Each structure stands twice: as structure tokens, then as C-alpha cells.
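> Following is a predicted model, sequence given first.
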Amino acid sequence: MKKLSCVLAALIIGTAAFAQEGMSSWVGAGFTMPIGNIAYGGPAGEEDISWVAPGINLVYLGIMPNNLTIKADFDACAPTCDEFDGCDCTELILDMGVGYSLLNWDNFSLSALGMVGVSLNFVSSGYVSLFTASLDVGADVMAVYKFFNFIGIYASFGARYKIPLYGEIDFGGYSISDDIYLKGWEFTPSIGVVVHF
């Protein structure tokens, strides 16, 4: 968990370091539907899992005068898949990144960014619970269309590769942390409303 705390701190400090005066900033909220093609490692060995994870998306996008762009993205989702059928599943994703605004017109912008972040997955069924933490590395494309001077809509698509950081499964008080992981690709389409300030 110490490793996870260091990764989160580095993400926040690194993104904040790019902030500057004159930045065009957007804050938004919307709907997301991550699609995972994941390998789960557990007591029975490795198993391939495909899921969809509907949820909410919170986003910050900042475009600097030189078109350098920063983004912070948070998703709270509920994965569903055959392997975890009947379980309560939650995924939390925090990603931050830096990129470039490919188009930056008065009412439309299109940005491409490299992203890095952390995802946390919680699965519970009866007395059994699973927790995993993964480092996410990938890229995003995000488009914003402004209707008036202060409000608009956004669409974003990202691809992340999950690199295992930590995993633990608990059987009613007896826990195992060796070889518990989620790894593989997850794709994150999102759409919603943004406010400009």
C-alpha cells in the first residue's frame, strides 16, 4: 500500500506542476462505460475476464496558451461479468496525464494525452472479498464542444494497460496476497457535460 500511496502522490504533484496562468480550464461530469479484457490471477490460477463497467466520470481538462494540455480523470464504476456474477463489484479509477491540443478553436477543442494512473477493484460475495490495485498506463483522446461562453459537452476515449501493484483475497478473516492480481487492457469511453472557467 505504501507503493500505491507514492504513485498517487506523484500523479497529483506532477499534474499540478504544469499549471500556469492563462490556462483554459474545463470541469465536467458524465457517464462512462469501461470495457475490460483482463486476466485475473488467483488461487485457482489465471483466468481471462471480459467485463463492462457502467459508472460516472468526473474530468478536468486544462489547455495552456501554448496548447500543452493536462487532464485529470476519475471514474467510479460497477463491473459486470460472468466470472463475478452475483458479486458486488466496484472499480475506482484515477488517471492524470499530459498531452497536446491538436485543435483549439473558439468553440471546439481536440486533445491527445498520455495517461498514467491507478485503478482499485473491490469484489465481494458472502464472506469472500477481493481487492486489487493496478498501475494504469495508456492514452486518451478528448473532444470538447462549447455551446455558450461557459458550458459544453465532451466525449473522451481512453486505452489503459493494467500493471499489477497489489492484490488480496479474504476468506472470512483468512487472507491471501500472493499471486492475486488483475492485468490487461481496459478501454474507457466517456461522454458528459463540462463547464468552462
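Yep, that arrived.
> alpha carbons only for contacts and neighbour counts from here, please
Fine.
> Please list all residues in contact with the closest residue to residue 149 other than its chain neighbours.
Using Cα to Cα, 6 or more residues apart in numbering and skipping the chain neighbours, the partner closest in space to residue 149 is residue 196 (7.3 Å). By Cα atoms under 8 Å, 6 or more residues apart in numbering, the contact list for residue 196 reads 24-27, 149-152.
> which among those residues gets closest to residue 66?
The nearest member of the contacts of residue 196 to residue 66, counting by Cα to Cα, is residue 24 at 10.9 Å.
> Can you select the buried ones from the contacts of residue 196 in PyMOL?
Per 16 or more other Cα atoms under 10 Å, the buried members of those correspond to this PyMOL selection:
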select buried, resi 25+26+27+151+152
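> export the contacts of residue 196 to a markdown table and tack on secondary structure and distance to residue 162?
Below are those laid out as a markdown table (DSSP: H, G, I helix; E, B strand; the rest coil; distance: Cα to Cα, whole Å):
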| residue | secondary structure | distance to residue 162 |
| --- | --- | --- |
| 24 | strand | 31 |
| 25 | strand | 29 |
| 26 | strand | 27 |
| 27 | strand | 26 |
| 149 | coil | 38 |
| 150 | coil | 35 |
| 151 | strand | 33 |
| 152 | strand | 31 |
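> on that earlier part again, for the residue nearest to residue 149, report the pLDDT, please.
Looking at residue 196, its pLDDT is 86.
> so residue 95 sits right up against residue 118, yeah?
Yes: between residue 95 and residue 118 there is a contact under Cα atoms under 8 Å: 6.4 Å.
> Name the residues contacting each of those two.
What both residue 95 and residue 118 touch, as defined by Cα under 8 Å, 6+ apart, is the set residue 136.
> Just send the contacts of residue 196 back as JSON lines, with pLDDT too.
Formatted as JSON lines, the contacts of residue 196 follow (pLDDT from 0 to 100):
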{"residue": "24", "pLDDT": "82"}
{"residue": "25", "pLDDT": "88"}
{"residue": "26", "pLDDT": "89"}
{"residue": "27", "pLDDT": "94"}
{"residue": "149", "pLDDT": "78"}
{"residue": "150", "pLDDT": "85"}
{"residue": "151", "pLDDT": "93"}
{"residue": "152", "pLDDT": "94"}
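> from the contacts of residue 196, which is closest to residue 106?
Of those, the one sitting nearest to residue 106 (Cα to Cα) turns out to be residue 149, at 9.4 Å.
> follow-up on the earlier one: report the beta-bridge partners for the residue nearest to residue 149.
residue 26 (DSSP bridges).
> could I get the contacts of residue 196 as TSV with distance to residue 122?
Shown next, in TSV, are the contacts of residue 196 (distance: Cα to Cα, whole Å):
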residue	distance to residue 122
24	36
25	32
26	30
27	27
149	40
150	37
151	35
152	33
